[in-house]
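Participant: Quick one, fold the following:
(one chain, ligands or ions: 1)
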Amino acid sequence: APPPPPPPPSEQPATAAAGAAEAGLISKVLIVMAMEAEAMPLVHNFKLVEAPADESTFHKGAPWLRYHGNYKGLHIDLVRPGKDTVYGVDSVGTLPAALLTYSSVQTLKPDLIVNAGTAGGFNAKGAKVGDVYLASDVAFHDRRIPIPVFDMYGVGARKTFGTPNILKELNLKAGKLSTGNSLDMSPKDEEMIRSNDATIKDMEGAAVAYIADMFSTPMIFVKAVTDIVDGEKPTAEEFLMNLITVTATLELAVVKVIDFISGKCLSDL
Ligand code: ADE
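Facilitator: Numbering: from 1, shown residues only. Here you go, the predicted structure:
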C-alpha cells in the first residue's frame, strides 16, 4: 500500500519538541541550577541562548536568568537565580531556588525538572569527591519544629521521580539528599542529616522539590560532590578548590542524563 499522505501543514508539529509531545515523549525539560560556574558549561554544551530580560519569562526586577534552545528533540530551558542585587554573588540557597522554580514552572510548564549542582558528600556513606549522585529522596535539615506533624512538615521529606533505567545505564550513584541554607554543618544540622539518612547535602534540592511537588511536576536531582563533609578539610576551602573540576564532571553527567531522556517517555526513565 502507498504510504499515508503527510498531515496538512496546519497539523504538523512546529518543532521537534512539539512533535515529541504529540508522541507522548518528554518534550520540555527545565534545568534549575544555582551557580553561574555550574550553569555556563551546560549552556554552552547545549548551545542555549540567553532569553532577553524584556521577554516576559520573569517579572521585572528579578535577577533570574533563562537560557533556552532545542537539543536532540527536547526543548531545554536552563534557569539560574543570577547575582544577588545587593551583594553581587550567586543567589544560592532555598529562597531564590523556590521562587525561581515557581516562576519557571508557571510560565514554562516543563514535563520534567532537573535540579543539577554541586553537593557535599559523606564519607561514612561512601561519597567521594567527583562522584555524581541521582537523589532518591530529598528533605530539609534546618527546619526544626518540635511539635507533632509540624516536625515532619519541617523536614519535608519527598521521594524524587524514580529513574531506575537512568541509574543503571549511566552508572550514577543513588543516595538521599538533605538540604539546608548553610554550607557548613552545625551539630543540630548533623543530627537531622543523619536522621534524614542523607549521603549528600546541598542548599537547594528540597526547595525545588517542594515547588515541583506542588504542581505535580516530575523532578530529578543530579548532584556532583565537591567536598567531603565528614573529612579532614575545611568545607569552604575544599568546595572552592574542587568547584571547577567537579563542575566539568557534573556537566558530562547532565549531558548524559539529557541524552538518555531524549526520545523517551517519563515511564522509560
Ligand atoms: N554544595 C557543595 N558543597 C556543599 C556543602 N558541603 N553543603 C551544602 N551545599 C554544598
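Participant: mind listing what whatever residue of the stretch 1-150 of the chain ends up closest to the ligand touches?
Facilitator: Taking C-beta to the nearest ligand atom as the measure, the stretch 1-150 of the chain has residue 120 as its residue closest to the ligand, at 2.4 Å. Where you see a C-beta, it was placed from the backbone N, CA and C, and this is true even at glycine. Contacts here follow C-beta atoms under 8 Å, 6 or more residues apart in numbering; on that basis residue 120 touches 183, 185, 200, 201, 202, 225, 226, 227, 228, 229, 235, 239.
Participant: Kindly state the pLDDT recorded for the fourth one?
Facilitator: Model confidence at residue 201, expressed as pLDDT, equals 98.
Participant: What's the local residue count around it?
Facilitator: Neighbour count of residue 201, defined by other C-beta atoms under 10 Å: 29.
Participant: what's the answer for the last one, then?
Facilitator: Around residue 239 sit 18 other residues, with neighbours defined as other C-beta under 10 Å.
Participant: mind checking the end-to-end distance for stretch 258-269?
Facilitator: With C-alpha to C-alpha, to the nearest Å as the measure, the ends of stretch 258-269 fall 11 Å from one another.
Participant: quick one: buried residues of that stretch?
Facilitator: Using 16 or more other C-beta atoms under 10 Å as the burial criterion, the residues of stretch 258-269 that qualify are 258, 260, 261, 262, 264, 269.
Participant: tell me which parts of the stretch 51-200 of the chain are close to the ligand?
Facilitator: Proximity of the stretch 51-200 of the chain to the ligand is confined to 118, 119, 120, 183 under the rule C-beta under 6 Å from any ligand atom.
Participant: Just the buried residues of the helix or strand containing the second one, please?
Facilitator: Here residue 119 is covered by strand 112-121, with elements defined by DSSP states H and E. Of the residues in strand 112-121, those with enough neighbours to count as buried (16+ other C-beta under 10 Å) are 112, 113, 114, 115, 116, 117, 118, 119, 120, 121.
Participant: Sheet partners, orientation included, of it?
Facilitator: For strand 112-121, sheet partners with direction are given as strand 28-32 (parallel), strand 200-202 (antiparallel), strand 219-228 (parallel), following DSSP bridges.
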